[in-house]
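In: kindly generate the corresponding structure for this input.
(one chain, ligands or ions: 1)
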Amino acid sequence: MGRVNPGQKIQKGAFPQYRLMKNTGFIVYRSQKLTILLRILGFDVLYLQDEDYTSAINLAKKTQRILISRVKFLRKLPWIFYLSSDNLEEQLEELLKGLELEIERNNLFSRCSSCNNLLQEVQEEEIKNELPKDVCRKDYWFKKCPNCGKIFWNGTHIITLEEKFKKLNIHL
Ligand SMILES: [Zn+2]
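Out: Reported below is the predicted structural model:
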């Protein structure tokens with residue numbers, strides 16, 4: 001994996017008003033993969049795809065979220081975190097280091113990767129009919145999004161994710 005370009009390092013204190021808040025939220029602009037990954041890690045992330053820059057910036061200001069963007073000409077604005085890399089793993093590394101974010105184990109898989117809503121734990125019996133046929137293991141947990149209805153469980157895809165996190169030195 002490539003290293004974060006030191007020239008792109010965020011200056012200390014670049015986000016003074018946000019650093020004080022423990023649960024700072026984010027807006028990811030036009031990077032759905034990063035949005036999904038951050039939500040899986042438990043971060044509060046709004047995703048904007050079609051909106052123009054002004055709407056994205058206004059929403060960031062209004063909701064006091066940090067706007068994460070690859071748009072170069074926006075990078076000097078104080079509420080924007082500019083990503084220098086196109087690579088997903090490198091982007092995550094940039095964010096974790098640049099904003100000194102910590103991943104909390106308890107927050108993992110706490111949010112819906114589709115809509116950002118907090119998930120609710122459910123019993124397999126409650127959602128049995130909504131699951132694919134091969135999903136039935138006693139050691140699985142199941143969570144459902146009360147907003148969009150999507151169901152999550154700790155199937156084999158979790159191992160792939162854990163491998164990805166290990167590469168990033170995230171040990172869960
Ligand atoms: Zn949802």
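
In: helix/strand/coil for the residue nearest the centre of the chain?
Out: The centroid of the chain falls nearest to L38 when counting by C-alpha atoms, centre = their mean (1.2 Å). Here L38 takes the helix state, with states given by DSSP: H, G, I helix; E, B strand; the rest coil.

In: surely it and V45 touch.
Out: Yes. Using C-beta atoms under 8 Å, L38 makes contact with V45 at a distance of 4.7 Å. Backbone N, C-alpha and C define where each C-beta goes, glycine included.

In: give the residues shared as contacts by the two.
Out: F26, V28 (C-beta atoms under 8 Å, 6 or more residues apart in numbering).

In: and the next element down the chain from the helix or strand of the chain with the lowest mean pLDDT?
Out: Lowest mean confidence among the helices and strands of the chain (mean pLDDT, DSSP states H and E): helix 16-19, at a mean of 47. Counting by DSSP states H and E, the next helix or strand C-terminal to helix 16-19 is strand 26-29.

In: which positions within that following strand qualify as buried?
Out: F26, I27, V28, Y29 (16 or more other C-beta atoms under 10 Å).

In: specify the beta-bridge partners of the last one.
Out: Same thing as Y29. Applying DSSP bridges to Y29 gives these bridge partners: L48.

In: what's near enough to touch it?
Out: By C-beta under 8 Å, 6+ apart, the neighbours of Y29 are L48, A56, L67, I68, S69, R70, V71.

In: which of those are buried? Put it as a PyMOL command.
Out: For the buried members of the contacts of Y29, the matching PyMOL selection, counting by 16+ other C-beta under 10 Å, is:
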select buried, resi 48+56+67+68+69+70
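
In: would you map the strands across this structure?
Out: Here the chain has its strands, by DSSP state E, at 26-29, 45-48, 66-69, 80-82, 120-122, 142-144, 151-153.

In: identify the residues contacting the second one?
Out: If I follow you right, that is strand 45-48. 25-30, 32, 35, 38-39, 55-56, 59, 63, 65, 111, 116.

In: quick one: is it near the ion?
Out: No. Strand 45-48 does not reach the ion (C-beta under 5 Å from the ion); its nearest approach is 11.9 Å.

In: now do that strand, average pLDDT.
Out: Averaging pLDDT along strand 45-48 gives 97.
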